[in-house]
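K.L.:
Give me coordinates for this.
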Amino acid sequence: MNPIRTAAVAILLAVTLSACASQIDAGVTKEVGTPGFLWGIWHGFIFPWSFIGSLFNPDIAVYAVPNKGGWYDFGFFLGITVLGGGSFFGSKKSGG
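P.N.:
Numbering: from 1, shown residues only. I've put the predicted structure just below:
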């Protein structure tokens with residue numbers, strides 16, 4: 001089988017399986033003070049430092065549970081990709 005075709009099938013299978021994932025109800029709440037969009041942005045931005053800290057201290061988490069669901073997830077994604085640099089640093093061309 002062609003390597004490109006094999007990779008495409010693997011990616012399609014991974015995407016199909018990930019579509020079945022869901023967040024448990026205990027992880028999503030609408031209570032006052034529950035992390036939402038803005039906290040998601042902040043947690044995404046500090047992710048690298050949170051991850052390093054979590055390796056040494058079990059009380060440090062990189063993701064807040066419970067949270068407000070999709071908006072927190074979206075903020076977390078934006079924090080990691082936009083504020084955290086994301087693909088921006090890899091896209092810079094070297095001078096020359």
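K.L.:
so how many other residues sit close to Asn67?
P.N.:
Residues lying near Asn67 (other Cβ atoms under 10 Å) number 23. C-beta coordinates here come from the backbone N, C-alpha and C atoms, glycine included.
K.L.:
try His43
P.N.:
Burial of His43 is recorded as 21 neighbouring residues (other Cβ under 10 Å).
K.L.:
That one is in contact with Ile60, isn't it?
P.N.:
No: counting by Cβ atoms under 8 Å, His43 does not reach Ile60; the two are 11.4 Å apart.
K.L.:
who touches both of these two?
P.N.:
Listed as contacting both His43 and Ile60 by Cβ atoms under 8 Å, 6 or more residues apart in numbering are Ser50.
K.L.:
what are the ranges of the helices in the protein?
P.N.:
If DSSP state H is used as the criterion, the helices of the chain fall at 3-18, 37-45, 47-56, 70-78, 88-91.
K.L.:
and the ones you listed as TSV, adding mean pLDDT and distance to Glu31?
P.N.:
What follows is these, written out as TSV (pLDDT from 0 to 100; distance: least, Cβ to Cβ, whole Å):
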stretch	mean pLDDT	distance to Glu31
helix 3-18	85	28
helix 37-45	91	13
helix 47-56	91	23
helix 70-78	89	13
helix 88-91	57	35
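K.L.:
Between these, which one is closest to Val28.
P.N.:
Of all those, it is helix 70-78 that lies closest to Val28, at 8.6 Å by Cβ to Cβ.
K.L.:
Which residue is the nearest non-sequential neighbour of the residue nearest the centre of the chain?
P.N.:
Among the residues of the chain, Phe77 comes closest to the average C-alpha position under Cα atoms, centre = their mean, at 4.9 Å. Leaving aside its sequence neighbours, Phe77 sits nearest to Gly44 (Cβ to Cβ, 6 or more residues apart in numbering; 6.5 Å).
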